[in-house]
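Novice: What shape does this take:
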Amino acid sequence: MKIATFNINGIKARITALTEWLETSQPDVALLQEIKSVDENFPREHFENLGYTVETHGQKGFNGVAILSKLPLEDVTRGLPGGEGAGRDGADDIEARYIEATVIGETPVRLCGLYLPNGNPAPGEKFDYKLRWMERLHARAQALIELEEPFLMAGDYNIIPQAEDAKRPDAWRDDALFRPDSRAAFRRLLNLGLTEAFRARHQGGGHYSFWDYQAGAYDRNDGIRIDHFLLSSQCADMLNDCWIEADVRGREKPSDHVPVWVDLAA
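Specialist: Residues are numbered from 1 along each chain as shown. Predicted structure coming up:
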């Protein structure tokens, strides 16, 4: 089973590029972030005609996550648990950033597709919201671990885990993506026993999943790695490979992110 996570930066702007990618790369499952569309306006039928089951958790103009799957999906849920009073300024969290479903292959795998808050400017309320969101994600991971079933948490984490995950780490020192609190929260997820799939297969720097649109960042490979797969121990046992499809960034009207993939024996 080949699963990709891809922040598409707007379904309306990226439908042609996304369609071409689906047709050429042929993921069994695609976890999408930043669809920037309410559910009823998402072009569901278009992707169903390509052979995908479509599940969305959308929001007008911002955020939004989706699952496209060639394999059956069961038990779809929307929203990260624990959102009561966990939004900005103490309100309930209404931002569309999280979707779950079980994909039915040879071995069922629970998929958690996420778009973690950016958190800038930091410090500030947006950064506090990011950290609260990560606490809720940690709690959800703990609950899934207790089930002792294969699961993965994948998407745009808006976290640069290590200095080697940025071409110019000093430029990100004060950014919410690289601040010590953000990175510590990411490590706490790993310390639950989750496996960071890319680093299980590839070491060293120079591997990025995001390049800014400004100043020719992609041409200079001035990127950061912020799109990740975290695998439960049962899921990690099925990991064949993990890779970044970096050349997608050089195509026509690209997202500023590129797909990251896992291949599972599932």
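Novice: quick one, helices of the stretch 51-200 of the chain?
Specialist: Listed in chain order, the helices of the stretch 51-200 of the chain (DSSP state H, counting those that start in this stretch) span 125-146, 180-190, 197-201.
Novice: Mind giving me the packing neighbours of the first one?
Specialist: Meaning helix 125-146. Under the contact definition 3 or more Cβ pairs under 8 Å, 6 or more residues apart in numbering; DSSP states H and E, helix 125-146 sits against strand 109-115, strand 151-156, helix 180-190. Using the backbone N, CA and C atoms, a C-beta is placed for each residue, glycine as well.
Novice: try 6 Å
Specialist: Identification of packing neighbours for helix 125-146 by 3 or more Cβ pairs under 6 Å, 6 or more residues apart in numbering; DSSP states H and E yields helix 180-190.
Novice: ok, now the last one?
Specialist: The elements that helix 197-201 packs onto, with contact taken as 3+ Cβ pairs under 6 Å, 6+ apart, are strand 239-244.
Novice: need the next SSE after the strand it packs on, C-terminal direction.
Specialist: Once the chain leaves strand 239-244, the next helix or strand it forms, by DSSP states H and E, is strand 260-264.
Novice: which intervals of the protein have sub-threshold pLDDT?
Specialist: Along the chain, no part satisfies pLDDT under 70.
Novice: which residue is nearest the centroid of it?
Specialist: residue 155 (0.6 Å; Cα atoms, centre = their mean).
Novice: mind checking how far that residue is from residue 115?
Specialist: In this view, residue 155 and residue 115 are 6 Å apart by Cβ to Cβ, to the nearest Å.
Novice: do residue 231 as well
Specialist: Taking Cβ to Cβ, one finds residue 231 at 19 Å from residue 115.
Novice: just to revisit the earlier point, joint contacts of residue 155 and residue 115?
Specialist: residue 33 (Cβ atoms under 6 Å, 6 or more residues apart in numbering).
Novice: For residue 264, which of the helices of the stretch 51-200 of the chain is the nearest?
Specialist: helix 197-201 (9.3 Å; Cβ to Cβ).
Novice: how far out from the middle of the chain is that closest one?
Specialist: 15 Å (Cα atoms, centre = their mean, to the nearest Å).
Novice: cool, stretch 237-252 as well?
Specialist: 13 Å.
Novice: ends of it, how far apart?
Specialist: 37 Å (Cα to Cα, to the nearest Å).
Novice: what do you get for stretch 204-220?
Specialist: First-to-last residue span, stretch 204-220, Cα to Cα: 18 Å.
Novice: which residues touch residue 248?
Specialist: Going by Cβ under 6 Å, 6+ apart, residue 248 touches residue 258.
Novice: Assess the claim that the residue nearest to the centre of the chain and residue 33 are in contact.
Specialist: Yes - contact criterion Cβ atoms under 6 Å: residue 155 and residue 33 qualify, at 5.3 Å.
Novice: Common neighbours of the two, please.
Specialist: Common neighbours of residue 155 and residue 33 (Cβ under 6 Å, 6+ apart) are residue 115.
Novice: is it true that residue 54 touches residue 44?
Specialist: Yes - with contact defined as Cβ under 6 Å, residue 54 counts as touching residue 44 (4.6 Å).
Novice: From residue 80, how far off is residue 96?
Specialist: 10 Å.
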